[in-house]
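Enquirer: I'd like to go over a predicted model; first the sequence, then the structure.
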Amino acid sequence: MRVGFNPNKDKTLPKSDFTHQVIIPVYIPHQNDYFQDSFQILQLCLESLFKTCHTKTYFTVVNNGSCQEVKSYLNLLQAENKIQELIHTTAIGKLNAISKGIAGHQFPLITITDADVLFLKDWQKATYEVFETFPKAGVVSPSPNPKMLRYYTANVVGTTLFSKKVSFTSVISKQGMKAFAKSIGNESLYKSVHFEQQLTITKNSTSALIGASHFVATYKGLIFDVVGQRFSQYSLGGDSEEYLLDKPAADLGLWRLSTLKNYVYHLGNVAEEWMKDEFDKIDSNFSIFEDRINNKIYSGSLNVFLTKFFSRLIFRKPFWTLYLRHKGLTKEEAKQY
């Protein structure tokens, strides 16, 4: 039986002091074979976040069926108030784990990252600068990758087709690109032209790369208010990341952009000496987010038309080559890009 009146009934929650959520799904079922170094790499990932994020950052770690050693470590971090939310589940899959981290919150910005990423100084500051400069930005990655130029970017390509603010410029993070290619075991990922030219958009004194990776990216929180798919049948891969993380932003008419400078390293599953060296170089330097993000969405008939039209037409090879030349590449460079 119930006696009395619950004092919390009909009371609204107090406004959170946190302005930016970081979600890290973790899957380390054991420490053998493929996962032999994963625990060590997870520690580098989380500690680099603690060193580089401001005090209004809300950390959510979703333990997706990891072994007891990892579970105990995460429990300790929560006990030390280094992470605000820790969710333990069985192995439900990466994207389902991310969905659990998103649920029950309303943050203006949400960073979703793999657990094998080393964050560098000023990554938050650089990310905020892109969001504040380009109101249509919906996804911003701190890892510039020119190979993502054609991935869910039809809206930005279409709306800036004749804009002089969009052009090819010199690459400034060649080393970061080389490190990423090596980290995924594909050192031939980029052609020589990718190390020289990248398509950027510029406003005032701020530039951003067109296109964004999804192994680490920051999203406008409103994107996840309209996500229709809440369950993925894949433990990893398949079309799960596309439909939960990538397509929703495009459906809202929001752009996928990246910082020009590289602010993260993808570590992979094998620990190397340079990783600890890079971690030791990180200085704690915080840039508080004041929530000046434009939450306007740009969905509608025009956005749908542009997305479909440019996806089906301009990304076809003859038209794409003409577009690349129009934006500054030579004929030979356009063929390679």
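Expert: Sure thing, it's come through.

Enquirer: mind jotting down where the strands sit in the stretch 51-200 of the chain?
Expert: When secondary structure is read from DSSP state E, counting those that start in this stretch, the stretch 51-200 of the chain shows strands at 57-64, 85-89, 109-113, 117-119, 137-141, 166-170, 197-203.

Enquirer: which of those sits most buried?
Expert: Among these, ranked by average contacts under mean count of other C-beta atoms under 10 Å, first place goes to strand 137-141 (a mean of 27). Glycine gets a C-beta too; all of them are placed from N, C-alpha and C.

Enquirer: circling back to that earlier point, I210 is nearest to which of the strands of the stretch 51-200 of the chain?
Expert: I210 lies closest to strand 197-203 among those, at 4.9 Å (C-beta to C-beta).

Enquirer: what helices or strands is the helix or strand following that closest one leaning on?
Expert: Following strand 197-203 in sequence order, the next helix or strand is strand 206-210 (DSSP states H and E). Packing partners of strand 206-210 (3 or more C-beta pairs under 8 Å, 6 or more residues apart in numbering; DSSP states H and E): helix 123-133, strand 197-203, strand 255-258.

Enquirer: how about the ones you listed, which one is nearest D277?
Expert: With C-beta to C-beta as the criterion, D277 lies closest to helix 123-133 of those, at 18.2 Å.

Enquirer: distance from the closest one to the middle of the chain?
Expert: 13 Å (C-alpha atoms, centre = their mean, to the nearest Å).

Enquirer: how about stretch 268-281?
Expert: Relative to its parent chain, stretch 268-281 has a centroid offset of 21 Å by C-alpha atoms, centre = their mean.

Enquirer: buried stuff in that stretch?
Expert: Neighbour counts over stretch 268-281 (16 or more other C-beta atoms under 10 Å) mark 268, 271, 275, 278-279 as buried.

Enquirer: what number of residues lie near the residue lying closest to S311 once chain neighbours are set aside?
Expert: Among residues not flanking S311 along the chain, A154 sits closest, at 4.5 Å (C-beta to C-beta, 6 or more residues apart in numbering). Here the number of neighbours of A154 (other C-beta atoms under 10 Å) works out to 21.

Enquirer: which stretches in the stretch 201-337 of the chain count as strands?
Expert: 206-210, 216-220, 255-258, 264-266.

Enquirer: the residue lying closest to D37 once chain neighbours are set aside and T159, how far apart?
Expert: Distances taken as C-beta to C-beta, 6+ apart place A271 nearest to D37, at 4.0 Å, with adjacent residues excluded. Distance, A271 to T159, by C-beta to C-beta, to the nearest Å: 43 Å.

Enquirer: what of R256?
Expert: R256 is 13 Å from T159, where distance means C-beta to C-beta.

Enquirer: re the thing from before, surely the residue nearest to S311 and F305 touch.
Expert: No. Counting by C-beta atoms under 8 Å, A154 stays clear of F305, with 10.4 Å between them.

Enquirer: nearest the geometric middle of this structure, what residue?
Expert: A217 (0.8 Å; C-alpha atoms, centre = their mean).

Enquirer: what residues does it make contact with?
Expert: 111-113, 139-141, 245 (C-beta atoms under 8 Å, 6 or more residues apart in numbering).

Enquirer: and if we set it to 10 Å?
Expert: Residues in contact with A217 (C-beta atoms under 10 Å, 6 or more residues apart in numbering) are 110-113, 127, 138-143, 245-246, 249, 256-258.

Enquirer: could you give the bridge partners of it?
Expert: I112 (DSSP bridges).

Enquirer: could you dump the strands of the stretch 51-200 of the chain to TSV with distance to I210 and mean pLDDT?
Expert: Below are these laid out as TSV (distance: least, C-beta to C-beta, whole Å; pLDDT from 0 to 100):
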stretch	distance to I210	mean pLDDT
strand 57-64	27	97
strand 85-89	33	97
strand 109-113	20	97
strand 117-119	22	98
strand 137-141	11	97
strand 166-170	7	97
strand 197-203	5	97
